[in-house]
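Undergrad: no sequence on this one, just coordinates:
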């Protein structure tokens, strides 16, 4: 019997699956509503039960999230994977696009850092006069130095 299969082979209930995957039970229910997890089998009493495939699917979702993929992108990859086709080509496209987004964000942050460093350099060293209205820096051209 698999490590993740619950007692008696009945499958995992929501709380058990959540514990195995390290997510909240509400996250699992949300993933079902969002189409990331298929509707699970239900017991006669109406309890959801999941098999090991749900654990694998949650790990795939978590891996995609660690890479910064959006849930809709992960859902698309899962849909491809569910056809039995290798999701490598679409995954490659998504990951390349994500790298481009990261490169753009890093460039934006580098420019922001340069701007912040210039502001720090412009701060007065000894005396800090009141700022001019509408600014937070000293009205003195050399920053009070």
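TA: Nice, thanks for sending it over. Because the structure is predicted, anything quoted here is derived from the model rather than measured. Numbers count the residues shown, from 1 in each chain.
Undergrad: can you give me the strands in the protein?
TA: Secondary structure of the chain (DSSP state E): strands at 41-42, 48-49.
Undergrad: do you know which of these lies nearest residue 74?
TA: strand 48-49 (20.6 Å; Cβ to Cβ). Quick note: C-beta positions are derived from backbone N, CA and C, even for glycine.
Undergrad: The closest one pairs with which strands, and in what direction?
TA: Strand 48-49 pairs in its sheet with strand 41-42 (antiparallel), by DSSP bridges.
Undergrad: where does residue 66 land on pLDDT?
TA: The score at residue 66 is 93. That number is its pLDDT.
Undergrad: ok, now how distant is it from residue 97?
TA: 16 Å (Cβ to Cβ, to the nearest Å).
Undergrad: How about residue 62?
TA: On the measure of Cβ to Cβ, residue 62 and residue 97 end up 20 Å apart.
Undergrad: mind checking pLDDT for residue 74?
TA: On the pLDDT scale, residue 74 gets 93.
Undergrad: Now do the contacts for it.
TA: Each residue near residue 74 by Cβ atoms under 8 Å, 6 or more residues apart in numbering is listed here: 36, 60, 61, 64, 65.
Undergrad: isn't the first one right next to residue 75, touching?
TA: Yes - because the distance of 5.4 Å satisfies Cβ atoms under 8 Å, residue 36 is recorded as touching residue 75.
Undergrad: That concludes my questions; thank you for your assistance.
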